[in-house]
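Visitor: Sequence first, then the predicted structure:
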There are 4 protein chains.
Amino acid sequence: MAHLKSVLTFRPSPGTEAQRPAPADLYSACRRQTESLAASLSAEDQMVQSFADSSPAKWHQAHTSWFFETFILTPHLSGYRPLDTRFRDLFNSYYNAVGAQPDKALRNTFSRPGLEEVQKYRRHVDEHMDKLLRSSGVSDAALKLAELGIHHEQQHQELLVTDIKHAFWSNPLQPAYKPAAATPPASPPPQQRAQVSPENIYEIGAAGDAFHFDNEAPRHKVFLRAFRFASRPATCGEYLAFMDDRGYERPELWLSDGWKAVQARRWNAPLYWEKAGGEWFHFTCSGMCKVDEHEPVCHVSFFETDAFARWAGARLPTEFEWEVAATGVPIEGNLLENGEFHPAVAAGAKGDGPLQIFGDVWEWTASAYLPYPVFKPAAGALGEYNGKFMSGQMVLRGGSCVTPQSHIRASYRNFFPPETRWQFSGIRLADDSV
Amino acid sequence: MAHLKSVLTFRPSPGTEAQRPAPADLYSACRRQTESLAASLSAEDQMVQSFADSSPAKWHQAHTSWFFETFILTPHLSGYRPLDTRFRDLFNSYYNAVGAQPDKALRNTFSRPGLEEVQKYRRHVDEHMDKLLRSSGVSDAALKLAELGIHHEQQHQELLVTDIKHAFWSNPLQPAYKPAAATPPASPPPQQRAQVSPENIYEIGAAGDAFHFDNEAPRHKVFLRAFRFASRPATCGEYLAFMDDRGYERPELWLSDGWKAVQARRWNAPLYWEKAGGEWFHFTCSGMCKVDEHEPVCHVSFFETDAFARWAGARLPTEFEWEVAATGVPIEGNLLENGEFHPAVAAGAKGDGPLQIFGDVWEWTASAYLPYPVFKPAAGALGEYNGKFMSGQMVLRGGSCVTPQSHIRASYRNFFPPETRWQFSGIRLADDSV
Amino acid sequence: MAHLKSVLTFRPSPGTEAQRPAPADLYSACRRQTESLAASLSAEDQMVQSFADSSPAKWHQAHTSWFFETFILTPHLSGYRPLDTRFRDLFNSYYNAVGAQPDKALRNTFSRPGLEEVQKYRRHVDEHMDKLLRSSGVSDAALKLAELGIHHEQQHQELLVTDIKHAFWSNPLQPAYKPAAATPPASPPPQQRAQVSPENIYEIGAAGDAFHFDNEAPRHKVFLRAFRFASRPATCGEYLAFMDDRGYERPELWLSDGWKAVQARRWNAPLYWEKAGGEWFHFTCSGMCKVDEHEPVCHVSFFETDAFARWAGARLPTEFEWEVAATGVPIEGNLLENGEFHPAVAAGAKGDGPLQIFGDVWEWTASAYLPYPVFKPAAGALGEYNGKFMSGQMVLRGGSCVTPQSHIRASYRNFFPPETRWQFSGIRLADDSV
Amino acid sequence: MAHLKSVLTFRPSPGTEAQRPAPADLYSACRRQTESLAASLSAEDQMVQSFADSSPAKWHQAHTSWFFETFILTPHLSGYRPLDTRFRDLFNSYYNAVGAQPDKALRNTFSRPGLEEVQKYRRHVDEHMDKLLRSSGVSDAALKLAELGIHHEQQHQELLVTDIKHAFWSNPLQPAYKPAAATPPASPPPQQRAQVSPENIYEIGAAGDAFHFDNEAPRHKVFLRAFRFASRPATCGEYLAFMDDRGYERPELWLSDGWKAVQARRWNAPLYWEKAGGEWFHFTCSGMCKVDEHEPVCHVSFFETDAFARWAGARLPTEFEWEVAATGVPIEGNLLENGEFHPAVAAGAKGDGPLQIFGDVWEWTASAYLPYPVFKPAAGALGEYNGKFMSGQMVLRGGSCVTPQSHIRASYRNFFPPETRWQFSGIRLADDSV
């Protein structure tokens, strides 16, 4: 799946600015990446919305185009004519300032426009975006919005894979999205918790001019005690020990809402796991296969993560601790471009810093998703991008095996409600230095 | 839409038995009719399941094939090999005796098998059915089951159109399933109620050897008082008078459960109706158009039908009264083969018998769907066909504009829960002779 | 519990009309009977509404008074002044024509008026009813309504016991409503099914001048085939055989909606049953006790009744068959006045007619609750008494161990939705003569 | 209502330790205060649970006794015998380590034990607590737990009033809990926002030996920017301006989950408000009365608070900012002992510090309820007191008009889900110093 290797590099290394790709090329690379991810899916596959919070792959392709059309082409490209004016409402996700939106659960009724029409829509938007981005008169505002649009599309690349995994699992035939890789067996280094940094005031949040979402700013000071941080995410084997120790049956390990979720939803293992013949299997992007105890555990909710940490005599890091630990770690790892779409066994020598900071699994933190001090959402409709979701969600950090490499960074804040399991979410432990 | 004109004639007129088509030809005609109905739908259109009780068009095509495979080919064609053994569970609707079934609400996740694969499945079944039906050794049992399978497929032809209408209405773009017909304006004759038959013991239920479902038998005696029967179904104009008289706001007109439905679901008009600029429009298979007051009102629940009747100083006929009134009426009218998929203005001269008995709209009766005396469902899985639904539903009679002509008859019992509105269901009044 | 023995006799034996009690005495006896049933309940007990379809005992006492006040005193007693005008809305159950009603589920918030105030309300109504009923000028209309009011109160006597049983069961302490009786062990005669009557046209419905509800009329002709009718209700032992034969695990025994109920509600035994130490116990009005296999099984839904009948190779009688079988059977048995509030073991010699027709358990029939031909509900608010509930319910016949003796009769139609279990409902089998 | 004036003083002023009441006297004063609050309620009033998250007043009285019995008497008073061993499960709220608990929604079925029995239970516990607390050998551990038990009971004093207000509002008669006070009209000073403190590292959390809950500890450092803090809570008049400016109709003012709540629950005003004849009224503990625009607005959810702040061009303080602003403010104000149970118009001269910090209304903060760094819940069952609720809730600060004076303090953290409205919760604004 070499075609997924992205040439996108939004943050050129110092001294390489000159080689930075042109915006129009970055735009194009991002759009092609989306289409690569959808290339093996039939028009019918791209209709499936297997639960209300997921979206069909076709919708992801259309909505990302709508974003460019609505926020860049319409206001910034003089004379731009939409392909179909009805799409302005149809493919709006949640921007009330733009207008009404169809109920999210209806996205699986959008058989029209068909996939070919949506592909035509993408080309229509692409042609005009190319024209705009290559024009000498393109404004800084438009360029900034285009960069936002590219990052927005990358989020939907991740969601497209995440959603299609759930869609294929929901189909009783449980087809595979991609062929299984032949991965040689491997073992991870032991999980250790080491002190990362002394008690201090730290600067948290995005610094400098590089792209970031509004919710990563402003950079601000946070006082932190010294803490210890796990050397790698928890593995399936470690999680199985929790399960074998009756982790799902002991209320004292759980937050009250977590225990309610265990009982109401009859959780007894991570999402996608099922037991057969005394062994645990899980559904992956390559179909159902045996759980490898050495892999990072994935598809666990915040509640399960929190219960596991309590059982392990540890806790989750706050998002601030996580960011301190991640600062300076190179952005590389098992990310979307790897084409595996599955967490990999940690590899690293003794004495290395924390492993698998980026990629593999999103790491639930102990932090609720709240605005940073003096946070100001953008004016207008784009102010709805992140800010209005700042209640009822927990922060996740570090990206996963379905996150594009150029999309993730140490200050990146992902967020989901604590019962969420269909994301590629896993467990990083921390504890207090004593 | 001449291609929809069916050559199916299951009940030859007396003296024409010799010209009765061969079973294999009847089978083929039925199967082609299904495919004609789906011909204008894309693979994506055929994925849509806009609410849990509807089904995707592709599923209708697959499930009807499954019926032939499961109940005829597998037990009756020696050496038959299924195209894909996984379909036995996948396309089972509700036959517990055959095996487990996927949750009905999951049918919209069946992107695999794709439409082409389902079409291949249809051809595979067709080839073997043709071989079986044309073989000299075909058993009477197999022939009888094949006839049942054809009638089963006809039911799904009706459902396919009914479901796609709802699916297209649910899509915010509200596409049309077929072009609008240019119908010249017309007015129906006045609605009258005339006595049909004297007080007597009547024979009710299917008679003779012609095909019927198990729930139409056995033929049995029912004592009926004299009653009066409306000359045609109620029109949109008559229903608008009920609405204008605050029909949806007056609890005294409604059954208790009906009034709860009005309040909980905020009904204020039939399904598919909406008011714009002071006028009523409704969604049809040809898209949104103005309500024609002369047409039969359609897409009303039993509760609305019952309230309308009370408002009109009348009542609904029982299914027995309906059958007495329909006996001897020729089976013709605005049925599926007409290709309009919409109720038509009644046409008929003064002094005619009741108009629009067959076709146009299913007519809710005052009868709960219950077994006839000494009813015995078929042995085995096919005993689940009708019998297990005999609670909580009301009987409808007469077929609609999406019912195949050869499918309907005077003894035919359709049934739906009283709150159902997505069926082409309308109103026939009756009252007591005094 | 001798105080419960009622002197009410609404249907004097022929030749005893002269001794018929005065209406005011009948009224008073009925009212005292209600108060006897509540006598052992604290004010707090009388607040409990353990699920939305039940009512607190205090509410039953108030609402029955409201009925007399609203329908008799206010229109028929000149100069009548209500004790509290706010009660007109407060204690209205479901009569939309009288005015708005509080949501039924709120009845457990009615701590005010307190029990003493409600008892004062009862006395206020009683004094005026006595005055009205003893006045020489009382109209026939008022007398007829008073009789209806008495029968209405009797229905609430039954509901009071039925609801308090559920309320006490819901309390984790599971207190007893009455002391346990010392019943000597007994065995019922074997259950047999014998032909009752030949094929014929029968007159069904209330005849003569005796009191009946509007839904029992008009008397009308029904054609019935010959049928066989079980000699007594099914026992717990017979039901245990069904359970032991995996009755709750075999979908082929159940109506489709019944099977859904089994799965959704996890039914595996009648309501109030629980297994402990390998034995079945059930909650009774005298607390938790061991199931006696010889007693009629009770607290089963229509769905369970229907599944049991199918398993037994039988069916349920229609309400018409039941009425034919019950005609002429003396109205006696284990009824409310017995004070046991629990079904008793059948006693009867070989060759007797059907046993336990009246009392013990309500018997589910195969008939949906629908209007009789030419049924006309009363004019005005009282037309809402029965008629508006004629959808979605099944008919039960014969009364139970908590039905007042003078309340039940062969033509009496009780009705509940098919999933109902908190009523004292049991099983009478029938089948076809062949 | 002078009898409510509490003598409880848990935090003696320096130099007054000698006069500190004996623990047994503090205990007794607390218990009598609870009983004073229930004194005007009938046994029936004390049965009402008007929604699942509230509790009957009788239950509050029993559960607080259970707390002393379970955590102090049983382990610490040698030879203690419970009054009724069944109460250990019956009156357990949510302590899984103690044992099973009845479903919370069933509390309104607890007619047994009756109020008198519960009062006897209170006396039984009181006698033994008195004996224990006055014994020379009472351990420090027992004394510490007794202090916790007293604070626990104070929480239930507040809940008792909060719940009975909702219960009486739910009763269609809407009785008053207490007579209306004759309050002379008054106007509050204008709302201003002034800088409180400079950017700095602050110590947050309970300090010293005085009683506090585990969730207020440990005291720890937090870095804060300079901020401005409103001089008083927002008034009804200010909230009406928000409403008049279509505050409930403009999605851009709301968090996404808040906007969903507005639509799903049809919020258009605070809880307990209703419009009649063009004017706003609200239900109070003294019945329905006209909204006084000068009072603090109350019974608003976090979502409404947040939307109001956005509309006002401000934001909510974090719980840390709130604590900094409250530090050193005397603990006095309109609290439970005032006996008004309703927020009062702010009174204060120009130049005062922030008004109404304590009492009147709980103030929603911008902080999610999360553990403080190195938080450790108590060992055993009491570890469930606070810690397991640390997800999905927001912190409120400052107490309300139904909070006991000796119960509140600057470090006190209350917490409720963001949609909660039945608490006496209001609005304090803040913003950033620029």
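Guide: The structure has been received and is ready for your questions. Numbers count the residues shown, from 1 in each chain, chains lettered A, B, ... in the order given.
Visitor: how about the residue lying closest to A:A326 once chain neighbours are set aside, secondary structure?
Guide: Of all residues not flanking A:A326 in the chain, A:A410 sits nearest, at 4.2 Å (Cβ to Cβ, 6 or more residues apart in numbering or on different chains). For glycine as for every other residue, the C-beta is placed from the backbone atoms N, C-alpha and C. Three-state call for A:A410 (DSSP: H, G, I helix; E, B strand; the rest coil): coil.
Visitor: Give me the phi and psi for A:A410.
Guide: phi -60, psi -30 (degrees, to the nearest 10).
Visitor: Contacts only, for it.
Guide: Neighbouring residues of A:A410 by Cβ atoms under 8 Å, 6 or more residues apart in numbering or on different chains: A:E323, A:A326, A:T327, A:G328, A:V329.
Visitor: ok, it to chain D distance?
Guide: For A:A410, the distance to chain D equals 20 Å [Cβ to the nearest Cβ, to the nearest Å].
Visitor: Likewise for A:Q191?
Guide: Counting by Cβ to the nearest Cβ, the gap from A:Q191 to chain D is 22 Å.
Visitor: Any idea how many residues pack against that residue?
Guide: Applying other Cβ atoms under 10 Å in any protein chain shown, we find 18 residues neighbouring A:Q191.
Visitor: Same question for A:E116.
Guide: 11.
Visitor: for the one 5 residues further on, same thing?
Guide: Per other Cβ under 10 Å, the neighbour tally for A:Y121 reads 21.
Visitor: Can you pull out the low-pLDDT segments for chain A?
Guide: A:1-19, A:349-352, A:434 (pLDDT under 70).
Visitor: at 80 instead, please
Guide: For chain A, the stretches flagged by pLDDT under 80 are A:1-20, A:183, A:195-196, A:348-352, A:434.
Visitor: need the contact list for whichever residue of chain A sits closest to chain C.
Guide: When distances are taken as Cβ to the nearest Cβ, chain A reaches nearest to chain C at A:R266, 12.5 Å away. Residues counted as contacts of A:R266 (Cβ under 8 Å, 6+ apart): none.
Visitor: just A:G398 next, same as before
Guide: Neighbours of A:G398 in contact, by Cβ under 8 Å, 6+ apart: A:W322, A:A326, A:Q356, A:I357, A:F358, A:G359, A:V361, A:W362, A:E363, A:I408, A:Y412, A:R428.
Visitor: out of the residues you listed, which is most surrounded?
Guide: That'd be A:R428 among these, by other Cβ under 10 Å, with 31 neighbours.
Visitor: Helices of chain A, start to end?
Guide: With DSSP state H as the criterion, chain A has helices at A:23-38, A:57-68, A:74-76, A:87-90, A:115-134, A:140-170, A:236-244, A:256-265, A:302-311, A:319-326.
Visitor: hang on, isn't A:Q191 packed against A:L429?
Guide: Yes - with contact defined as Cβ atoms under 8 Å, A:Q191 reaches A:L429; the gap is 7.5 Å.
Visitor: Common neighbours of these two, please.
Guide: A:A230, A:A234.
Visitor: residue in the stretch 101-250 of chain A nearest to chain D?
Guide: Taking Cβ to the nearest Cβ, the stretch 101-250 of chain A has A:F223 as its residue nearest chain D, at 4.1 Å.
Visitor: Which positions are bridged to that residue in the beta structure?
Guide: On the basis of DSSP bridges, A:F223 is bridged to A:I201.
Visitor: quick one, what contacts A:F341?
Guide: Contacts of A:F341 (Cβ under 8 Å, 6+ apart): A:V161, A:K165, A:Y177, A:K178, A:T284, A:C285, A:C401, A:V402.
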